[in-house]
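Asks: the following block contains a protein sequence and its predicted model.
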Amino acid sequence: SEEQLLEDKQQLEQALAQACVACYAVEGAYPPSLEHLQKYYGVQINTDIFTVKYEVFASNLMPDITVLVN
């Protein structure tokens, strides 16, 4: 349902943000890539449903993360 889809989208956005903060705490820098989050912080993205835009500005700035429904 559309309601479930929006809930899943929100959960993914939260998981990505939390993983970014965890990475910063552990590594002293925000993740350099979305792949880094997936590989080392267990973030799972259902790419059949979602596309994630991940823009890095600097290692000490939170990346700009946008989750889009395909």
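Replies: Great, that's in hand.

Asks: all helices of this structure, in order?
Replies: 2-27, 34-41 (DSSP state H).

Asks: how far away from the center of its chain is the longest one?
Replies: Its chain's average C-alpha position is 6 Å from that of helix 2-27, according to C-alpha atoms, centre = their mean, to the nearest Å.

Asks: return the most buried member of the helices of the chain.
Replies: The highest average neighbour count among these, using mean count of other C-beta atoms under 10 Å, belongs to helix 34-41 at a mean of 16. (Glycine included, C-beta is placed from N, CA and C.)

Asks: excluding residues flanking it in the chain, which one is nearest the spatially most central residue of the chain?
Replies: Central residue check for the chain by C-alpha atoms, centre = their mean: the C-alpha nearest the mean position is that of residue 16, 2.8 Å away. Nearest non-adjacent residue to residue 16, counting by C-beta to C-beta, 6 or more residues apart in numbering: residue 65, 5.1 Å away.
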